[in-house]
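**Q** got a predicted model here, sequence first, then my questions.
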Amino acid sequence: MGITKLADLIRSDAPEAISHKDISDYAGKVIALDTSIVVNQFRAATPLLSPLTGLFFRTLTFLEHDIKPVFVFDGKPPGEKTAVLEKRAEVAGWKSAKCTGAASPMTKDCLHLLKLLGVPVIQAPADAEALCARLVREGTVDAVASEDMDTLPFGGNILIRQLNAKRDSEVVEYSLPKLLAKLQISQEEFVDLCILLGCDYCEKIAGFGPKRALTLIQKHRTIENLVMNINRQTHPVPHFWQFKEARKIFLDAPEPIATELTWTEPDEEALVGFLCHIKRVKEDRVRRRMDKFRQMRESKREEREKDRAAGRNRQTRMEDFFRVTRKRAQPASSADSLSVNRKRPKSK
């Protein structure tokens with residue numbers, strides 16, 4: 001679900017926090033993705049096809065645009081999220097919600113596919129979205145690509161939505177520092193605002209629209225102060241309201257993960273063996289996509305070389321692409337856009 005109507009609120013009250021870009025603007029950038037969100041997108045869009053096919057195509061799209069994806073997998077979800085997961089399972093027609101953190105057969109297949117594609121994966125201790133946010137905040141990645149807005153209350157400085165290569169598709173980038181500055185609230189107050197709007201970890205007070213919730217947080221600054229100054233007859237506070245637990249989930253960052261992110265060339269023959277011989281995807285479809293990947297990658301490399309020769313903005317060369325990226329230093333707090341040049345780590 002993410003945060004209810006948060007995107008609408010940002011568009012109306014903090015449009016300065018939004019920028020519109022093209023997928024090519026992220027060439028050379030390291031992007032974290034919540035794998036479950038990517039997989040569920042393909043489940044919804046193409047219910048008759050395996051999500052593995054969509055993940056295969058989408059990952060190659062990132063790679064041919066010189067984007068370095070890092071796929072993060074969910075761990076055991078917080079207990080506060082159980083009710084939401086059970087409702088989602090019921091809507092999807094599943095027998096039960098997946099609350100144990102154990103890897104499902106689909107998760108294992110995704111892990112294997114991404115390994116064959118040569119991209120790094122990370123196992124989160126709990127919600128993948130929380131770890132994605134930490135990775136961008138500490139500078140390990142440049143941004144988080146997700147359709148859920150949870151990245152922002154988790155503290156992710158840069159959130160990217162609609163990151164795909166569809167014709168006429170515009171990528172939307174959200175800057176958390178610009179958002180907080182425009183709304184004139186702190187990160188802690190922003191988390192309380194998101195809880196009032198509606199999140200996955202607790203109920204919300206009925207009757208508050210986004211504008212009203214923002215006004216109340218700007219005035220009272222905390223949920224505790226707010227509930228003492230509202231009409232509880234018209235806006236009843238939920239019984240045993242776990243807003244403090246929800247706040248703690250958003251503000252308590254996962255433990256840092258010391259990891260090296262390594263990208264290698266996709267293994268076409270192993271991909272054909274897995275997708276075609278085991279998962280029954282048509283071989284000519286996989287071969288054609290791999291051919292297109294190589295052609296597109298070479299074409300974009302030539303475009304960047306021409307731009308460089310003409311003195312235009314330099315992009316990372318393709319021969320620099322497949323290397324090891326180490327965790328980077330903490331980024332400056334003033335950095336609020338991917339347009340800011342970062343110091344890249346040296347190759348191994």
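**A** Sure, I can see it.

**Q** low pLDDT regions in the stretch 1-150 of the chain?
**A** For the stretch 1-150 of the chain, residues meeting the criterion pLDDT under 70 lie at 1, 78-101.

**Q** could you pull out the strands for it?
**A** Under the criterion DSSP state E, counting those that start in this stretch, strands of the stretch 1-150 of the chain are mapped to 18-21, 30-34, 68-73, 121-123, 143-145.

**Q** what about stretch 205-213, average pLDDT?
**A** Averaging pLDDT along stretch 205-213 gives 92.

**Q** could you list the domains of the protein?
**A** Per the record, the chain has its domains at 6-180, 186-251, by automatic domain parsing.

**Q** which one of those lies nearest to residue 275?
**A** Between residue 275 and those, the tightest spacing by Cβ to Cβ is seen for domain 6-180, at 6.5 Å. C-betas here are computed from N, CA, C, even on glycine.

**Q** first-to-last residue distance for that closest one?
**A** For domain 6-180, the first-to-last residue distance is 13 Å (Cα to Cα, to the nearest Å).

**Q** how near is the closest residue to residue 69 other than its chain neighbours to residue 142?
**A** Using Cβ to Cβ, 6 or more residues apart in numbering and skipping the chain neighbours, the partner closest in space to residue 69 is residue 62 (4.7 Å). Between residue 62 and residue 142 the distance is 13 Å, computed by Cβ to Cβ, to the nearest Å.

**Q** name the residues contacting each of the two.
**A** Common neighbours of residue 62 and residue 142 are listed as residue 31 (criterion: Cβ atoms under 8 Å, 6 or more residues apart in numbering).

**Q** list the contacts for the residue nearest to residue 69?
**A** The contact partners of residue 62, by Cβ under 8 Å, 6+ apart, come to 31, 68-69.

**Q** which of the residues you listed are buried, as a ChimeraX select command?
**A** This is how ChimeraX selects the buried members of the contacts of residue 62, with burial counted by 16 or more other Cβ atoms under 10 Å:
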select :31,68,69
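
**Q** now the residue lying farthest from the centre of the chain: which helix or strand?
**A** In the chain, the residue that sits farthest from the middle, by Cα atoms, centre = their mean, is residue 233; the gap is 38.5 Å. Using DSSP states H and E, residue 233 maps to neither a helix nor a strand.

**Q** separation between it and residue 25?
**A** Counting by Cβ to Cβ, the gap from residue 233 to residue 25 is 50 Å.

**Q** repeat for residue 232
**A** Using Cβ to Cβ, which is the criterion applied here, residue 232 is 48 Å from residue 25.

**Q** looking at the two, which is more packed in?
**A** Between residue 232 and residue 25, residue 25 has the larger neighbour count (other Cβ atoms under 10 Å), namely 19 against 10.

**Q** from memory that one sits against residue 170, does it?
**A** No - checked against Cβ atoms under 8 Å, the pair residue 25 and residue 170 is beyond contact range at 10.9 Å.

**Q** what is in contact with the two at once?
**A** With contacts defined as Cβ under 8 Å, 6+ apart, no residue is adjacent to both residue 25 and residue 170.

**Q** related to what we said a few turns ago, which of the contacts of residue 62 sits closest to residue 243?
**A** Using Cβ to Cβ, residue 31 is the member of the contacts of residue 62 that sits closest to residue 243, with 31.6 Å.

**Q** the closest one - nearest residue in space that isn't next to it in sequence?
**A** Here the residue nearest residue 31, using Cβ to Cβ, 6+ apart, is residue 145, at 5.0 Å.

**Q** list the contacts of the one you found.
**A** Contacts were defined as Cβ under 8 Å, 6+ apart; by that measure residue 145 touches 31-33, 160-161, 163.

**Q** any idea how far residue 199 is from it?
**A** Applying Cβ to Cβ to residue 145 and residue 199 gives a distance of 20 Å.

**Q** ok, now residue 193?
**A** Residue 193 sits 10 Å away from residue 199 when distances are taken as Cβ to Cβ.

**Q** for residue 114, same thing?
**A** In this view, residue 114 and residue 199 are 29 Å apart by Cβ to Cβ.

**Q** neighbour count for these two, which is higher?
**A** Shown here are residue 114 and residue 199; by other Cβ under 10 Å, residue 199 has more neighbours (27 against 20).

**Q** what's the neighbour count on residue 3?
**A** Residues near residue 3, counting by other Cβ under 10 Å: 22.

**Q** was I right to think it contacts residue 159?
**A** No - assessed by Cβ under 8 Å, residue 3 is found out of contact with residue 159, at 11.2 Å.

**Q** what is in contact with those two at once?
**A** The contact lists of residue 3 and residue 159 share 149, 152, where a contact means Cβ under 8 Å, 6+ apart.

**Q** contact partners for the nearest residue to residue 203 once chain neighbours are set aside?
**A** The shortest distance from residue 203 to any residue that is not its chain neighbour, by Cβ to Cβ, 6+ apart, is 4.1 Å, and that residue is residue 238. Residues in contact with residue 238, defined by Cβ under 8 Å, 6+ apart, are 202-205.

**Q** so residue 268 versus residue 288, what's the distance?
**A** In this structure, residue 268 lies at 12 Å from residue 288, with Cβ to Cβ as the measure.

**Q** and the two? which has more neighbours close in?
**A** Taking other Cβ under 10 Å, residue 268 and residue 288 do not tie; residue 268 has more neighbours (16 against 11).
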